[in-house]
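Participant: what's the 3D shape of this:
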Amino acid sequence: MSNQDDKTAPFDLFIIGGGVNGCGIARDGAGRGLSVALAEKGDLASATSSASTKLFHGGLRYLEYFEFSLVRKALKERDILLAAMPHIARPARFVFPLSPDMRFEAGTPTSRLLGTVMPWLKGRRPNWLIRAGLFFYDHMAGRSSLPGTRSLDLRHDVAGKPLKDRYRRAYEYSDCTVDDARLVVLNAVDAARLGARIMTRTRVVGARRQDGFWLIETQDAAGKSQLHRARMLVNASGPWVQEVIEDVVHGHTGAQIRLVQGSHIIVPKLYDHGRAYYLQGEDGRLVFMIPFHQDFTLIGTTETAKSSPDEPTRITEAEIDYLLAFTGRYLREPLRREQIIATFSGVRPLFDEGEASATSTTRDYHLELDQNDKLPVLHVFGGKITTYRVLAETVLEKLVPETTPWTARAPLPGGDFAVADVGALEDALRRAHPFLDEGEARRLIAAYGTDAARLLHGARRREDLGRDFGAGLSERELRWMVEREFAMTGEDVLWRRSKLGLRLSALQAESVSKWLEDALKERL
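Facilitator: As a prediction, the model looks like this:
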């Protein structure tokens, strides 16, 4: 292993890509004693990894694609991840309303099979089959800490109040929500704590094998170039994986990905009971409605084909129309366009297993290892956020099989407490800092966990935290994000490390950006 106290020494492992997979690999590798560097051309989680539906889940709909191995693996990971990050991940209950209009998505393996053996269903998704799928979902991973499925009478349960009267029955099952961008950031923070070098706003412009090492050229936001040496290279660039292979590493691959844009809308909170909804459309697609940051509801996702990861990634008018019409079939008071507070979109790289049909793609990951000249490069294709940790573990087992896995029982920064103790942690924070209101304490614990006490240490009055930018965002918290979490811009702070962009005015957001600009000049 390299000694990175010597700045000229080669890294053991160099990672391209600062999304959830890249940062997860960096953390795992650094914890195994490797010297690690990671380069991300933008901010951490600035693409796919901050644009998910914010769930740790097995993927109930993947059962219809017969992806049983993926669902089982993801469900096992769900409980591991919940225990490791109870601040940014929380158990949630999902209400699945039943309707005779429910259909299978055309072309799925289940749809084709039932069309052959039960043609009288005519594509309908019968209730008994949904219940059977939920039974398997509850039991595929063995014993879980989360409660199982139950039936609801929507005429009497509060979950029925937001819905039209035609929806009378539902199933309710368990999964978990997660703050996806903070997940990425906290993996990078822990990797840095373990000695990894994290370089954001740093593009890898070339990588070649030379004199027994990978020679990697990077270029920072100011245009400054730097050369790095490494013994192993990982391409975890998400939607750009094939571009990196061809244009940076100058390699070849037969593997293919299909790019899909998923878009979401955020609206004011639609109901008070705290559960999420899992809704099915007449086209067989599924959309979530999820309580989001106390006062909002998150709705998504769409699935629109993209031809290039460099195309603009933003919600289209057609996607907005789709989500409004979709939820309008369920909601007693259909949403209006003017209720939309914010939107976000991301491009997911789905690994294509080689058939012509769209159903040949999988949400599971594929790893391709090139061991040429005993200087390995490993390319990561696809994957889903719930399996990022086991993906990282598999990558390290391929590259350095003599090292020991360790992340299954290791909490992320701030996650060293039990899931059931979230409320007690919020209460303790308010007792120590009485100037916090209930919402502020909840937000801080949800972002920082036990590190919230360190962030606020010594503060007796709100003024002790420095300038107040609004919505409880203080100068001290901004410094924390800059010094520990690699934040550099207002967008980094307001839309990735937090979602305070939903609460601050345009003038307040501008003042945050100006403060960050000045703070970073001081550091240069």
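
Participant: which residues of the stretch 201-350 of the chain score low on pLDDT?
Facilitator: For the stretch 201-350 of the chain, applying pLDDT under 70 flags no range at all.

Participant: what segments of it are helices?
Facilitator: In the stretch 201-350 of the chain, helices defined by DSSP state H, counting those that start in this stretch lie at 241-243, 317-328, listed in chain order.

Participant: just those: most buried one?
Facilitator: Using mean count of other C-beta atoms under 10 Å, the stretch among the helices of the stretch 201-350 of the chain with the largest mean neighbour count is helix 241-243, at a mean of 19. All C-beta spots, glycine's among them, are computed from the backbone N, C-alpha and C.

Participant: from the contact counts, what lies against it?
Facilitator: Under the contact criterion of 3 or more C-beta pairs under 8 Å, 6 or more residues apart in numbering; DSSP states H and E, helix 241-243 touches strand 256-268, strand 377-382.

Participant: which residues touch F96?
Facilitator: 130, 134, 170-173, 277-278, 280 (C-beta atoms under 8 Å, 6 or more residues apart in numbering).

Participant: could you break the protein into its assigned domains?
Facilitator: 90-176+257-348, 421-523 (automatic domain parsing).

Participant: quick one: end-to-end length of the longest one, please.
Facilitator: With C-alpha to C-alpha, to the nearest Å applied, domain 90-176+257-348 spans 24 Å between its terminal residues.

Participant: quick one: stretch 492-507 to chain centroid distance?
Facilitator: Mean-position distance between stretch 492-507 and its chain equals 18 Å (C-alpha atoms, centre = their mean, to the nearest Å).

Participant: any buried residues in it, and which?
Facilitator: For stretch 492-507, burial by neighbour count (16 or more other C-beta atoms under 10 Å) applies to 492-504.

Participant: the closest residue to L215 other than its chain neighbours: neighbour count?
Facilitator: Closest residue in space to L215, ignoring its immediate chain neighbours: R208 at 5.6 Å, by C-beta to C-beta, 6 or more residues apart in numbering. Counted with other C-beta atoms under 10 Å, the neighbours of R208 add up to 13.

Participant: cool, S225 as well?
Facilitator: 11.

Participant: related to what we said a few turns ago, got TSV for the buried residues of stretch 492-507, with distance to A51 too?
Facilitator: Listed next are the buried residues of stretch 492-507 as TSV, based on distance: C-beta to C-beta, whole Å:
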residue	distance to A51
D492	15
V493	17
L494	15
W495	10
R496	10
R497	15
S498	16
K499	13
L500	18
G501	14
L502	15
R503	20
L504	21
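
Participant: which two among those residues are spaced furthest apart?
Facilitator: D492 and R503 (16.5 Å; C-beta to C-beta).

Participant: touching, the residue nearest to L215 and W214? I think so.
Facilitator: Yes - counting by C-beta atoms under 8 Å, R208 does reach W214; the two are 7.4 Å apart.

Participant: where do the helices sit along the stretch 51-200 of the chain?
Facilitator: Using DSSP H, counting those that start in this stretch, the helices of the stretch 51-200 of the chain run over residues 68-84, 109-117, 127-139, 180-193.

Participant: show me what contacts the most centrally placed residue in the chain?
Facilitator: Central residue of the chain (C-alpha atoms, centre = their mean): D180, 3.3 Å from the mean position. By C-beta under 8 Å, 6+ apart, the contact set of D180 is 20, 45, 49-52, 54, 385.

Participant: hmm, 6 Å instead?
Facilitator: 49-50, 52, 54, 385 (C-beta atoms under 6 Å, 6 or more residues apart in numbering).

Participant: check what pLDDT the residue lying closest to it once chain neighbours are set aside gets.
Facilitator: Spatial nearest neighbour of D180, excluding adjacent residues (C-beta to C-beta, 6+ apart): S52 at 4.7 Å. Looking at S52, its pLDDT is 96.

Participant: on that earlier part again, and the contacts of F96, which is closest to K224?
Facilitator: Of these, the one sitting nearest to K224 (C-beta to C-beta) turns out to be Y278, at 48.3 Å.

Participant: residues in contact with the closest one?
Facilitator: Y278 neighbours (C-beta under 6 Å, 6+ apart): 94, 96.

Participant: what's across from it in the sheet?
Facilitator: F288 (DSSP bridges).

Participant: that one and L375: what is the separation?
Facilitator: Separation of Y278 from L375 (C-beta to C-beta, to the nearest Å): 46 Å.

Participant: try L38
Facilitator: Counting by C-beta to C-beta, the gap from L38 to L375 is 18 Å.

Participant: where's the nearest residue to A471 once chain neighbours are set aside relative to W495, distance?
Facilitator: Using C-beta to C-beta, 6+ apart and skipping residues adjacent in sequence, the residue nearest A471 is R503, 4.0 Å away. Relative to W495, R503 is positioned 12 Å away (C-beta to C-beta).

Participant: T149 too?
Facilitator: For T149, the distance to W495 - C-beta to C-beta - is 34 Å.

Participant: tell me the contacts of D43?
Facilitator: 200, 492.

Participant: helix/strand/coil for it?
Facilitator: coil (DSSP: H, G, I helix; E, B strand; the rest coil).

Participant: wait, the residue nearest to A471 sits on G472?
Facilitator: No - in this structure, R503 is not within contact of G472 by C-beta atoms under 6 Å, at 8.6 Å.

Participant: picking that back up, show me which of L38 and L375 is the more surrounded one.
Facilitator: L38 (30 against 17).

Participant: okay, now the nearest residue to W406 once chain neighbours are set aside: neighbour count?
Facilitator: Spatial nearest neighbour of W406, chain neighbours left out: G31 (5.3 Å); criterion: C-beta to C-beta, 6+ apart. When counting by other C-beta under 10 Å, one arrives at 22 neighbours for G31.

Participant: with Q226 as the reference, measure out to D220.
Facilitator: Distance from D220 to Q226, by C-beta to C-beta: 7 Å.

Participant: look at these two and report which has more neighbours.
Facilitator: When D220 and Q226 are compared for neighbours, D220 comes out ahead with 15 against 12, by other C-beta under 10 Å.

Participant: that one: what's it in contact with?
Facilitator: The contact partners of D220, taken as C-beta under 6 Å, 6+ apart, are T202.

Participant: who does it bridge with?
Facilitator: Here D220, judged by DSSP bridges, has bridge partners T202.

Participant: any idea how far it lies from R203?
Facilitator: From D220 to R203 the distance is 8 Å (C-beta to C-beta).

Participant: state the distance from the closest residue to I88 other than its chain neighbours to I15.
Facilitator: Once flanking residues are discounted, I88 sits nearest to D179: 4.3 Å by C-beta to C-beta, 6+ apart. Distance, D179 to I15, by C-beta to C-beta: 22 Å.

Participant: comparing the two, which residue is more hemmed in?
Facilitator: Neighbours were counted for D179 and for I15 using other C-beta under 10 Å; I15 has more, 32 against 23.

Participant: bridged to the more buried one, which residues?
Facilitator: L38, V234.

Participant: surely it meets M232?
Facilitator: No - if you go by C-beta under 6 Å, I15 and M232 don't touch, sitting 9.3 Å apart.

Participant: re earlier: can I get the helices and strands packed on helix 241-243 in JSON lines with mean neighbour count?
Facilitator: What follows is these, written out as JSON lines (neighbours: other C-beta atoms under 10 Å):
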{"stretch": "strand 256-268", "mean neighbour count": "20"}
{"stretch": "strand 377-382", "mean neighbour count": "24"}
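
Participant: as JSON lines, those with distance to A342 would be great.
Facilitator: Output for the helices and strands packed on helix 241-243, formatted as JSON lines (distance: least, C-beta to C-beta, whole Å):
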{"stretch": "strand 256-268", "distance to A342": "4"}
{"stretch": "strand 377-382", "distance to A342": "27"}
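
Participant: for I445, which of the ones you listed is the nearest?
Facilitator: Between the helices and strands packed on helix 241-243, strand 256-268 lies closest to I445; by C-beta to C-beta that is 21.6 Å.
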